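Peer 1: quick check, what structure comes out for this input:
(one chain, ligands or ions: 1)
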Amino acid sequence: MPTFGSQDIPDLSGQVIIVTGGNAGLGYETIRQLSHHNPETIYLAARSQSKAEKAIADLNESNTKFTNIRFLELDIASFESIKTAAANFLHQEFRLDILVNNAGIMMTREGLTKDGYEIQFGTNVLGPALLTQLLLPTLRNTAKLNNQARMVMLSSAAHARAPKTVYDFDELRTTAPNRHTTERYTASKLANIHYAKALAERETGVKIIPVHPGMVSTNLHHASTGTFLKPFLHAAIYLAATPVEKGALSQIFAAVSPEAKHGQYYGPIGKAETGSGLAQSRDLQEKLFKWVQGEISGHVESIL
Ligand SMILES: NC(=O)c1ccc[n+]([C@@H]2O[C@H](COP(=O)([O-])OP(=O)(O)OC[C@H]3O[C@@H](n4cnc5c(N)ncnc54)[C@H](OP(=O)(O)O)[C@@H]3O)[C@@H](O)[C@H]2O)c1
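Peer 2: Residues are numbered from 1 along each chain as shown. The predicted structure is shown next:
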């Protein structure tokens, strides 16, 4: 199969799209490229209004033909904010064709989300799961009009470095002080694959697609605090990282290509991958999915 490129992005007429973390990096670039293919509306979801407004102004300047990019206020590390964002979106739209769960953090300092979860797991896993569940009924209704409606979940090749002792669920309600920040990140990215694959097994209407972009030159690496890895990462990014214009094509493939298969995990660009041994463990997949669903279920019911 020839490599997917920006010329392969299909016409998106009538489609409504949400990209989380759309103000920077891969999210911004995803919106920039999709905006050239006639979507109805793109929601740029971000926690900072000023960063979002600056990004939207830049996007409008770079593509004067498409200006329907709207700010959706969303702190993916807060269940309250996610519920408000979903309600605000549903107040404005009856359809959602593409949800790209892109927002994420990597190797940050020890911390907790507003709801008391380990900060990387709460931001990268529980938040996107709750947003997805709140928007799934709308994605399902849209799938009746557009059989390519889908949810894309950003993982990372670094999931393969998750520790064998991954998923101590009591620990995920602490800052996990005994884990290195790299372990906390890689565990969250393994969980992105498990959550998406488990959801895909249960979902028949909406395509569910986990993807990793390889190593791409964005702010992510600069924001990380992995003390052991930081000098190595900076050198590696300088030497080897993919420019963001190309790096974003992996998630764009997952978001729009009719070739992208439901439940398949993809690497760059559109290459089907199995993921690590742990990623293929159904036992871990099911444990993770059931725990996440249990943690978020009360919040899903409260806005339905
Ligand atoms: N770059 C890579 O090499 C690479 C490799 C593997 C996987 N990924 C994945 O790709 C995704 C995007 O990363 P990136 O490289 O584009 O990183 P980035 O440049 O740091 O962008 C991350 C985006 O997520 C947003 N974000 C972080 N925490 C948030 C929160 N609590 N609420 C709302 N938005 C939040 C950031 O907003 P602020 O500007 O407000 O912080 C920013 O818009 C991540 O899920 C990452 O794990 C990236």
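
Peer 1: make it CA atoms for all contacts and neighbour counts henceforth
Peer 2: OK.

Peer 1: and the next helix or strand past the helix-or-strand element of the chain with minimal mean pLDDT?
Peer 2: Comparing helices and strands within the chain by mean pLDDT, DSSP states H and E singles out helix 230-240 as the least confident, with a mean of 69. With elements assigned by DSSP states H and E, the helix or strand that comes after helix 230-240 is helix 244-247.

Peer 1: how far out from the middle of the chain is the next helix-or-strand element following that next one?
Peer 2: Next helix or strand after helix 244-247 toward the C-terminus (DSSP H and E): helix 249-256. Centre-to-centre, helix 249-256 and its host chain are 12 Å apart (Cα atoms, centre = their mean, to the nearest Å).

Peer 1: ok, and what's touching helix 249-256?
Peer 2: 4-6, 9-10, 30, 34, 98-100, 148, 150-152, 154, 209-213, 260, 266-270 (Cα atoms under 8 Å, 6 or more residues apart in numbering).

Peer 1: in stretch 90-106, what counts as buried?
Peer 2: Of the residues in stretch 90-106, 95-106 count as buried by neighbour count, 16 or more other Cα atoms under 10 Å.

Peer 1: would that stretch count as contacting the ligand?
Peer 2: Yes. Between stretch 90-106 and the ligand, judged by Cα under 6 Å from any ligand atom, the touching residues are 102-105.

Peer 1: same question for stretch 242-250.
Peer 2: No. Using Cα under 6 Å from any ligand atom, stretch 242-250 never reaches the ligand; the gap is at least 7.9 Å.

Peer 1: buried stuff in that stretch?
Peer 2: Residues of stretch 242-250 classed as buried: 242, 244-250 (neighbour count, 16+ other Cα under 10 Å).

Peer 1: may I have it exported as CSV, CA atoms only?
Peer 2: The C-alpha coordinates for stretch 242-250 follow below in CSV (Å, rounded to 0.1, in the frame of the first residue of the first chain):
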residue,chain,number,x,y,z
THR,A,242,9.9,13.6,12.4
PRO,A,243,8.7,17.1,11.5
VAL,A,244,5.2,17.7,12.8
GLU,A,245,3.7,18.1,9.3
LYS,A,246,4.6,14.5,8.5
GLY,A,247,4.2,13.3,12.1
ALA,A,248,0.5,14.3,12.2
LEU,A,249,-0.3,12.2,9.2
SER,A,250,-0.4,9.0,11.4
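
Peer 1: any idea of the mean pLDDT for it?
Peer 2: Regarding stretch 242-250, the rounded mean pLDDT is 97.

Peer 1: surely residue 139 and residue 93 touch.
Peer 2: No. Checked against Cα atoms under 8 Å, the pair residue 139 and residue 93 is beyond contact range at 11.2 Å.
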